[in-house]
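Engineer: Kindly return the folded structure for what I paste below:
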Amino acid sequence: MPGPRLAPRLALGAAHMASLALAARSPNIPYRSSNIDTNIKFNDGDEGDEGGLVVLLIIVVAICGALVGLGLLFLLIYVCTGLARRVRWWAFGVDEDGVSERTRSRLLPDEDSRQSYELARAFERQYPYGSVDTQLTSEQQTQIREKGVDAWEFVVNLDVNAMLQSKTEVLFMGGENCVQTNLPLPKASSVYYFEVKLVEKPADVNMWIGLATKPYPAWRMTGWNKYSAGYCVNNGSVHQNSPFKGAHIGEQLFVGDILGIGYQPRSGIVWFTRNGRRYKAIVSGMLYDLFPTISADGPCSFSANFGQRGFVFIEANVKRWGFGPIEGSMAPPPVYGADQNTILLETAALSSEDENGDEDQPDVPADSITIDIPDMSALADTRQGHGRRPTGSRRPPFYQKDDPIAAQLLEAGETSLEPVLNIRKQSDLPSLPRSSSTETSAEPESL
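Structural biologist: The predicted model follows:
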């Protein structure tokens, strides 16, 4: 809006321009510039501010118009693409993979393959990407810190005809099967890499090695369904998201060969190596939570290396592109023989004290020796009566005063032999040999 001072000046300027135009049309009328006061002094500051605002307004309007135009253009392209797909499907029988009905029938000759394809498409519609949360949880990250690269291992489900020989070694028993790891690839570093060695594989068995999201159909080959990419070891072709479209980038692999797969999580690029040599071709657009996925349509076995040992690809060893550290930070077990600050030992001590408190034990010193001495009166009576004893009785051994064994017992302090010695004096029994004590037979002597 023009200011109050600028309005009269603009009016004078308009009148001056009108007089100039009138003088140009009527040359007979002399024009005098003095008739109109042309000494108009404009405020340069006000004029500059208003000019800048006008220019800024024009720029903003132009940018908004460009953005709206781009949005409408993209919307038009999206709508036209969808309509073109539907038209192709209706007119020519071309599905969402861009394959016509005739081509699909040629590539899927038997009923089993067509049924597998239809079931896989139904599986994709039931479990679209994002329906299952596959990001690393806090518990899984703790497991990785504790175990390192040993935290990754293959999982064999009940519907898979395979046997897990170790964490990273799997034996396929036959049929179409697919296995995946328990944890996805991390995203902290710029590159992650792993290798798979073919241990056993007949020539007529097709095997695919690659990456895929989870869940993935357990009967499908890697790269045949959406959000997956797989390398076929039989012909060196790579499939991505479709069983009909493949690119031949490598060579055939045999038993003993090693296929490597590298993944760049920030750009979604996947690349492959064979026996330590990298191929130039790449697969792009894999910006998902990916799991190492291996599938086969027959009996075979493989061994995977996630970084627990050295790679054949030298660059991966130098730059440490494994899934994690070789050794984790798991706390070591307690030191053998430690008896302090241990809950187990403290609990055992308390329980033993409770058990000892419940038992009624006599108050006897631990170093005492107790000898039970029978009644000697019956023995004295039998000696006075013709030396006969009651049937079944047995005379206890007698100790001499100077016997060394008796001396040791007397020195113990808790054993008293005085009753035995007194009975010996009263009965005037003959002395016993010094070497040993005699013991009479338990049977009475015959008269």
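Engineer: Helices along this protein, start to end?
Structural biologist: Under the criterion DSSP state H, the chain contains helices at 6-25, 44-92, 101-107, 111-126, 138-147, 314-319, 343-358, 377-384, 404-411, 418-427.
Engineer: if I pick Gly307, what's in contact with it?
Structural biologist: For Gly307, the contacting residues are 149, 193-194, 320-324, 326, by C-beta atoms under 8 Å, 6 or more residues apart in numbering. Yep, even glycine has a C-beta here, placed from its N, CA and C like the rest.
Engineer: Pretty sure Ala120 sits against Pro217.
Structural biologist: Yes - assessed by C-beta atoms under 8 Å, Ala120 is found in contact with Pro217 at 5.1 Å.
Engineer: tell me, what's touching the two both at once?
Structural biologist: Joint contacts of Ala120 and Pro217 (C-beta under 8 Å, 6+ apart) are Asn225.
Engineer: The two - which one has more neighbours?
Structural biologist: Higher neighbour count among Ala120 and Pro217: Pro217, with 21 against 18, using other C-beta atoms under 10 Å.
Engineer: in terms of contact, does the more buried one touch Gln126 like I think?
Structural biologist: No - counting by C-beta under 8 Å, Pro217 sits too far from Gln126 to count as a contact (10.5 Å).
Engineer: what's the spacing between Gly262 and Gly175?
Structural biologist: 30 Å (C-beta to C-beta, to the nearest Å).
Engineer: nope, Lys147 is what I was after
Structural biologist: 32 Å.
Engineer: of these two, who's got more company?
Structural biologist: Using other C-beta under 10 Å as the criterion, Lys147 and Gly175 rank with Lys147 on top: 17 against 13.
Engineer: Now the more buried one. Nearest residue, chain neighbours left out?
Structural biologist: Nearest residue to Lys147 in three dimensions, chain neighbours excluded: Gly328, at 4.4 Å (C-beta to C-beta, 6 or more residues apart in numbering).
Engineer: what residues are up against that neighbour?
Structural biologist: Contacts for Gly328 (C-beta under 8 Å, 6+ apart) come out as 144-148, 150-151.
Engineer: Ramachandran angles for it?
Structural biologist: Note on Gly328: its backbone torsions stand at phi -80, psi -170 [degrees, to the nearest 10].
Engineer: rewinding a little: out of the contacts of Gly328, which are buried?
Structural biologist: Neighbour-count burial (16 or more other C-beta atoms under 10 Å) applied to the contacts of Gly328 gives 144, 147-148, 150-151.
Engineer: Including pLDDT and distance to Met221, could these go into a markdown table?
Structural biologist: Output for the buried ones among the contacts of Gly328, formatted as a markdown table (pLDDT from 0 to 100; distance: C-beta to C-beta, whole Å):
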| residue | pLDDT | distance to Met221 |
| --- | --- | --- |
| Ile144 | 92 | 29 |
| Lys147 | 92 | 30 |
| Gly148 | 93 | 31 |
| Asp150 | 94 | 28 |
| Ala151 | 94 | 27 |
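Engineer: so how far is Lys201 from Asn234?
Structural biologist: Asn234 sits at a distance of 9 Å from Lys201 (criterion: C-beta to C-beta).
Engineer: circling back: from the contacts of Gly328, which single one is nearest Thr137?
Structural biologist: Ile144 (10.7 Å; C-beta to C-beta).
Engineer: Pretty sure that closest one sits against Gly322.
Structural biologist: No - contact criterion C-beta under 8 Å: Ile144 and Gly322 do not qualify, at 11.7 Å.
Engineer: In the protein, where is pLDDT below threshold?
Structural biologist: Within the chain, the segments meeting pLDDT under 70 span 1-51, 84-100, 330-447.
Engineer: just to revisit the earlier point, now, the most widely separated pair of the contacts of Gly328?
Structural biologist: Arg145 and Asp150 (11.7 Å).
Engineer: just to revisit the earlier point, let me have the buried ones among the contacts of Gly328 in TSV, extended by distance to Val60.
Structural biologist: Below are the buried ones among the contacts of Gly328 laid out as TSV (distance: C-beta to C-beta, whole Å):
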residue	distance to Val60
Ile144	50
Lys147	57
Gly148	55
Asp150	58
Ala151	54
